[in-house]
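J.: Structural data only, the sequence is not supplied:
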């Protein structure tokens, strides 16, 4: 029979090749061989999702004691001014009513405050705090951050102005009321009040002194659990390096200690962009951060704007800058500027403002990435990224392609690597919801489909061979060996050889259908229940050698293959194959069959025909 089996197996193998040739081209395509290639979504959408985790809101704060002397009027100077007023009235240059004379006097004092006011005691003090917010971005996974120089330090003149606006408003208002009281019998109108306040705004800010000045820098970072929400807190940052404010090399390097696996953004080259290309700016516009109308969650999400690369400029000191029409605002300073490929090509530093202090959207200036690399090199800082960024970017690409099942484990890996990640929890929730809603379009790997097809072929081979073996063995036994114990020995029965003396399964008896062969739960190709078949299955029902398809680790995190509806005849793998058309049924009691392979079998009624 060995020749017969070889012929049978050859036919089955040829049939399996046909099955694979037909089935594999119909399988879904494998996952994208270039996982970092941009999905079919707008560039801005793709860039914002990839870069937002690395873009952070930064702040600088100065605290100190503001001391302001009390002022008094210089009597001699004021008398001279009074005489000038009399002459002006006599010459008709000003009206003769007291209100007009008071306004003329206040205008002269405001024009030259120190000529008419002098310092006196007591000195007044107040504790004050001033600062500002900018944008920064992680350049290494262990906490180095890039931002602008003017985002971490302020010149003396500007610092005094900040403290004056913050701390002196109360003193200015009090002093203005005192000088207006001197206008006995004159009701102060709005113009007189403004003039009086201007006098003391100038005097107090000029004579203000700062003591015990302290500076601090921080990055607004979320707490463990993630989320851009009210859990965010200020994390102290150390100033490592700082350049010159615009129009110099406006660069600063910060370090936040105790960080690991931070999301970062990659650096590109100056040559990556040229005039006419679209640039993308990410940052925190002050018009959102400083307004009370938006929630804290809204304030802590960076905004992305875009616009064309207009021209390359150079300052008088030789510092290169890129001019772009991408809109920018106060607070965007220090933010990264990207090419369409998602690489940093510069940092937003400045923008023109109108006379009213409003930003001009047509003129923003970007420090090129070559200067950023130069400054990082001076401190031997090498930009890098970890698995956090790599997996997050891969997961986003899967997410945007609707490959939610592929994206979900990657998002979870990111969350495990960096629990403070501000956005990954949202994507995990959305991916789970999409999978539950049946929106997943994740492709199955070709290898998985090959294994599925191979498993099906193996089960088919086992089933066919099992049927053949059982049929041969049944036909090769004497009829008496199949008789129930209660019946007399069948006519012509002879004792079976020793290797046949064990009881065959009930399904192998003449006249009984063989039970279907079911694979093990959750896997393909488990051995038949009766233990007979090729590839190491012995008569005791054990699998002696070779791997078992379907056992061991399962592919994917979703449903396991092998459970649920089965493919094949009657919905089960391993279902017995019916005999070819026109052949006798080897399982039933065919009365026309007399002799098979040298064994004599009588008809069921015991009479030979």
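T.: Arrived safely. Owing to the predicted nature of the structure, the values given are computational and were not obtained by experimental measurement. Residues are numbered from 1 along each chain as shown.
J.: Look up how far residue 154 lies from residue 254.
T.: 16 Å (CB to CB, to the nearest Å). Every residue, glycine included, has its C-beta placed from N, CA and C.
J.: Between these two, tell me which one has more neighbours.
T.: More crowded of residue 254 and residue 154, by other CB atoms under 10 Å: residue 254, with 27 against 19.
J.: contacting residues around the helix or strand where the more buried one lies?
T.: Using DSSP states H and E, residue 254 sits in strand 252-255. Applying CB atoms under 8 Å, 6 or more residues apart in numbering, the set of residues contacting strand 252-255 from outside is 58, 136, 143-149, 151-153, 217, 219, 237-243, 334, 375-376, 379, 381.
J.: Which of the three states applies to residue 204?
T.: With DSSP: H, G, I helix; E, B strand; the rest coil as the basis, the three-state label of residue 204 is helix.
J.: So, low pLDDT: which residues of the chain?
T.: 1-36, 185, 223-231, 353-362, 445-453, 467, 469, 471-609 (pLDDT under 70).
J.: and the longest strand for it?
T.: Ranked by residue count and defined by DSSP state E, the top strand of the chain is strand 117-138.
J.: Which neighbours in the sheet does it have, and how are they oriented?
T.: strand 55-73 (antiparallel), strand 144-147 (antiparallel) (DSSP bridges).
J.: Buried residues of the first one, list them for me.
T.: So that's strand 55-73. Buried residues in strand 55-73, counted by 16 or more other CB atoms under 10 Å: 55-60, 62, 64, 66, 68-71.
J.: Quick check: next helix or strand after it?
T.: Proceeding N to C from strand 55-73, the next assigned helix or strand is helix 75-90, under DSSP H and E.
J.: Now do that next one and strand 117-138, the angle between them.
T.: Helix 75-90 and strand 117-138 are oriented at 100 degrees to each other (axes from the mean of the first three to the mean of the last three CA atoms, to 10 degrees).
J.: For helix 75-90, name the packing helices and strands.
T.: Other helices and strands packing on helix 75-90, by 3 or more CB pairs under 8 Å, 6 or more residues apart in numbering; DSSP states H and E, are helix 98-111, helix 113-116.
J.: Can you give me the buried ones in the longest one?
T.: Within helix 98-111, the residues that qualify as buried are 101-106, 109-110, counting by 16+ other CB under 10 Å.
J.: And the contacts of that helix?
T.: For helix 98-111, using CB under 8 Å, 6+ apart, the contacting residues are 81-82, 84-85, 88-89, 94-95, 116-117, 183, 185-187, 189, 191-192, 195-196, 198-199, 202.
J.: and the angle from it to strand 55-73?
T.: Put simply, helix 98-111 runs at 120 degrees to strand 55-73, going by the same axes, to 10 degrees.
J.: ok so, going back, for the buried residues of helix 98-111, give me a markdown table that also has distance to residue 171.
T.: Formatted as a markdown table, the buried residues of helix 98-111 follow (distance: CB to CB, whole Å):
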| residue | distance to residue 171 |
| --- | --- |
| 101 | 27 |
| 102 | 22 |
| 103 | 23 |
| 104 | 26 |
| 105 | 22 |
| 106 | 18 |
| 109 | 17 |
| 110 | 17 |
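J.: So which of the residues you listed is the closest to residue 273?
T.: Nearest to residue 273 among the buried residues of helix 98-111: residue 110, at 50.3 Å, using CB to CB.
J.: Show me which of the buried residues of helix 98-111 is closest to residue 46.
T.: Among the buried residues of helix 98-111, residue 110 lies closest to residue 46 (CB to CB), at 56.0 Å.
J.: Quick check: that closest one vs residue 292, distance?
T.: Between residue 110 and residue 292 the computed distance is 33 Å (CB to CB).
J.: Find the nearest non-adjacent residue to residue 187, please.
T.: Residue nearest to residue 187 in three dimensions, not counting chain neighbours: residue 99, with 7.9 Å by CB to CB, 6 or more residues apart in numbering.
J.: Please disregard the earlier target; I meant residue 309.
T.: The shortest distance from residue 309 to any non-neighbouring residue, by CB to CB, 6+ apart, is to residue 277 (4.8 Å).
J.: Count the residues that sit near the one you found.
T.: Neighbours of residue 277 under the rule other CB under 10 Å: 13.
J.: how many neighbours does the residue nearest to residue 41 when sequence neighbours are not counted have?
T.: Leaving aside its chain neighbours, residue 41 sits nearest to residue 400 (4.9 Å; criterion: CB to CB, 6+ apart). Residue 400 sits with 16 neighbouring residues when counted by other CB under 10 Å.
J.: Buried only: go through the contacts of strand 252-255 for me.
T.: Among the contacts of strand 252-255, those classed as buried by neighbour count (16+ other CB under 10 Å) are 58, 136, 143-149, 151-153, 217, 219, 237, 241-243, 334, 375-376, 381.
J.: which outside residues touch stretch 398-411?
T.: For stretch 398-411, contacts defined as CB under 8 Å, 6+ apart pick out 31-32, 35, 39-41, 45-46, 49, 391-392, 394-396, 424, 427-428, 430-432, 434-435, 439-443, 556-558.
J.: Out of the residues you listed, which sit inside strands?
T.: For these, membership in strands holds for none, with DSSP E as the criterion.
J.: if you look at these, which of them are in helices?
T.: Of those, the ones assigned to helices by DSSP state H are 45-46, 49, 391-392, 394-396, 424, 427-428, 430-432, 434-435.
J.: Tell me the one of those residues nearest residue 232?
T.: If you rank the ones in helices among the contacts of stretch 398-411 by distance to residue 232 using CB to CB, residue 424 comes first, at 15.5 Å.
J.: now that closest one: how far from residue 49?
T.: Distance, residue 424 to residue 49, by CB to CB: 11 Å.
J.: same check, this time on residue 363
T.: 28 Å.
J.: Give me the more crowded residue out of the two.
T.: The residue with more neighbours, out of residue 363 and residue 49, is residue 49; 19 against 15, by other CB under 10 Å.
J.: Might you report the residue contacts of the more buried one?
T.: 396, 400, 423.
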